[in-house]
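Asks: Could you look at this predicted model? Sequence included:
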Amino acid sequence: MDINQYLQRFRVEDVKEISLETLNQLQHMLHVPFENLDVIHRIPITLNVEAFYNKIVLNNRGGFCYELNGLFNWLLQSLGFNSYLISGTINRPDGSWALKGSHACLIVEIDQPYLVDVGFGDSVRGPMPLTGETKEDVSGIYRVVKVEDTFYDLQRKNNQDWDTLYRLDISPRELNEFKDACYFNQTSPKSHFTQKQIVSLAAEYGRYTLSGNSFIVTRLQEKQKMDVVIEEIPYILNKYFHIKNI
């Protein structure tokens with residue numbers, strides 16, 4: 001696995017220092033899509049960082065949280081950052097909770113701990129401190145608030161309210177600890193990922209999302225939704241997500 005080749009995947013030439021500014025630059029939300037195409041095509045996903053590298057870097061693909069954050073953690077550690085995997089529990093739009101601890105994300109220690117997540121789709125695009133400080137980008141206004149002990153909530157502002165996207169446990173995890181969750185999410189009929197294809201990529205002004213047979217373009221919170229037929233999907237994957245082969 002070649003660090004420079006991975007950096008070129010998201011247009012970074014060189015890393016000169018370990019800093020929050022560099023971490024922001026590395027958080028490659030505009031270049032690597034969140035996608036579950038292997039799940040839909042029943043191609044097994046194993047928790048192997050070299051396999052992640054081959055898929056994401058060499059084959060110009062994306063992945064879901066274990067792949068995207070698992071490989072990103074390897075990169076950060078290789079560059080000298082103090083990073084480690086943690087688990088999260090997704091809070092669904094209906095208020096119910098997904099499988100406990102089944103989401104993989106990262107803590108990166110610089111001047112303080114930061115939540116970093118390149119594998120959640122439509123979410124905050126930069127490192128988040130755990131202090132409750134708000135951060136805003138084109139996708140919304142966010143904060144991380146402490147719940148108890150090692151548990152924190154990532155929240156997005158919704159008018160005057162705050163919606164919890166997921167609850168994180170900042171206790172360090174190893175990649176292989178997500179083995180059961182990874183298997184569940186790619187095989188279970190109760191998994192969101194087995195229901196329909198999901199491909200999502202941040203853009204400077206918003207986001208592109210292919211969800212089932214719907215293609216959604218978001219521009220500054222305004223969404224345009226178009227129905228697509230199966231014959232159009234390869235074109236959309238290539239043009240908007242730069243995915244040519246599955």
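Replies: Alright, I've got the coordinates.
Asks: mind listing the helices for this protein?
Replies: Using DSSP state H, the helices of the chain run over 3-9, 20-26, 37-40, 49-53, 65-79, 179-187, 233-241.
Asks: which one's the longest strand in this protein?
Replies: Using DSSP state E to define each element, the chain has its longest strand at strand 161-173.
Asks: What pairs with that one, parallel or antiparallel?
Replies: According to DSSP bridges, strand 161-173 forms sheet pairs with strand 82-90 (antiparallel), strand 151-158 (antiparallel).
Asks: Count the neighbours of His192 for me.
Replies: 15 (other CB atoms under 10 Å). Where you see a C-beta, it was placed from the backbone N, CA and C, and this is true even at glycine.
Asks: Which residues are in contact with it?
Replies: His192 makes contact with 98, 185, 198 under the criterion CB atoms under 8 Å, 6 or more residues apart in numbering.
Asks: ok, Pro113 touching Ile107?
Replies: Yes. Pro113 lies in contact with Ile107 (CB atoms under 8 Å); the separation is 5.2 Å.
Asks: list the residues that contact both of these two?
Replies: Ile170.
Asks: ok so, going back, any idea which of the contacts of His192 is closest to Asp122?
Replies: Among these, Ile198 lies closest to Asp122 (CB to CB), at 10.6 Å.
Asks: Now the closest one. Nearest residue, chain neighbours left out?
Replies: Counting by CB to CB, 6 or more residues apart in numbering, the nearest residue to Ile198 once its immediate chain neighbours are dropped is Asn36, at 5.0 Å.
Asks: how near is the one you found to Lys146?
Replies: Asn36 sits 31 Å away from Lys146, going by CB to CB, to the nearest Å.
Asks: The two: which has the busier surroundings?
Replies: Between Asn36 and Lys146, Asn36 has the larger neighbour count (other CB under 10 Å), namely 24 against 13.
Asks: Most neighbours among the contacts of His192, which one is it?
Replies: Counting neighbours by other CB under 10 Å, Asn185 comes out on top of these with 24 neighbours.
Asks: middle-most residue in this structure, spatially?
Replies: Gly119 (1.3 Å; CA atoms, centre = their mean).
Asks: In contact with it, which residues are there?
Replies: 34, 63-69, 72, 104-105.
Asks: show me the contacts for Ile246.
Replies: Contacts for Ile246 were tallied using CB under 8 Å, 6+ apart; they are 37-38, 41, 43, 61.
Asks: of those residues, closest to Asn213?
Replies: Within the contacts of Ile246, the smallest distance to Asn213 is 14.4 Å, found for Leu37 (CB to CB).
Asks: how many other residues sit next to the closest residue to Lys146 other than its chain neighbours?
Replies: Excluding its sequence neighbours, the residue lying closest to Lys146 (CB to CB, 6+ apart) is Tyr152, at 5.3 Å. Neighbour count for Tyr152, taken as other CB under 10 Å: 24.
Asks: so Tyr152 makes contact with Leu165?
Replies: No. Counting by CB under 8 Å, Tyr152 sits too far from Leu165 to count as a contact (11.4 Å).
Asks: wait, which of the helices of the chain is closest to Thr209?
Replies: Closest to Thr209 of the helices of the chain is helix 233-241 (CB to CB; 9.3 Å).
Asks: Buried residues in the closest one, which are they?
Replies: 236-237, 240-241 (16 or more other CB atoms under 10 Å).
Asks: One more: stretch 96-105?
Replies: When burial is assessed from 16+ other CB under 10 Å, stretch 96-105 yields the following buried residues: 98, 101-105.
Asks: Point out the least confident one among those residues.
Replies: In terms of pLDDT, Ala98 ranks lowest among these, with 93.
Asks: contacting residues around it?
Replies: Counting by CB under 8 Å, 6+ apart, the residues that Ala98 touches are 89-92, 192.
Asks: wait, which of those residues is closest to Arg156?
Replies: The closest of the contacts of Ala98, once distances to Arg156 are taken by CB to CB, is Asn91, at 10.7 Å.
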